[in-house]
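> Build me a model:
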Amino acid sequence: QVQLVESGGGSVQAAGSLRLSCAVSGYRYVIYYMGWFRQAPGKEREEVATVDGIRDITTYADSVKGRFTISQEKGKNILHLQMNSLKAEDTAMYYCAAGLRIGTFDYWGRGTQVTVSS
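Numbering: from 1, shown residues only. Have a look, this model is predicted:
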């Protein structure tokens, strides 16, 4: 059974930083398509960032470009999201996702809460 477990969330003041991590268990091969999503109360889920490990391509939502960096540890199913210059509007539950094919996500974590106070 594939499981994704996020960690690293918490409360931080605006302009601060947090680093989220996601560890995948139960899958014996390297997963080459992973991403971070977030959902704030009363809002729809938003794609934050993705990484395509085959073509070495990363994508970011416009709202986080230049502030967030997604990375996957080489050869491992461990994903990170470095979040700098955090804003109050970044407050949300952050979810890790993994896909067995580029462009689709098959597995999801339960989320880690990020709260940014202004």
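
> In which helix or strand does the most centrally placed residue in the chain reside?
Against the mean C-alpha coordinate of the chain, by C-alpha atoms, centre = their mean, the closest residue is Trp36 at 2.6 Å. Here Trp36 sits within strand 33-39, counting by DSSP states H and E.

> Give me the next element, helix or strand, following that strand.
The helix or strand immediately downstream of strand 33-39 is strand 46-52, counting by DSSP H and E.

> pretty sure Val12 is in a strand, no?
Yes - under DSSP: H, G, I helix; E, B strand; the rest coil, Val12 sits within a strand.

> these two touch, right, it and Leu20?
No - using C-beta atoms under 8 Å, Val12 makes no contact with Leu20, being 11.8 Å away. Using the backbone N, CA and C atoms, a C-beta is placed for each residue, glycine as well.

> between those two, who's got more neighbours?
Higher neighbour count among Val12 and Leu20: Leu20, with 23 against 17, using other C-beta atoms under 10 Å.

> Surely the more buried one touches Gly9?
Yes - shown here, Leu20 and Gly9 form a contact pair, counting by C-beta under 8 Å, at 6.4 Å.
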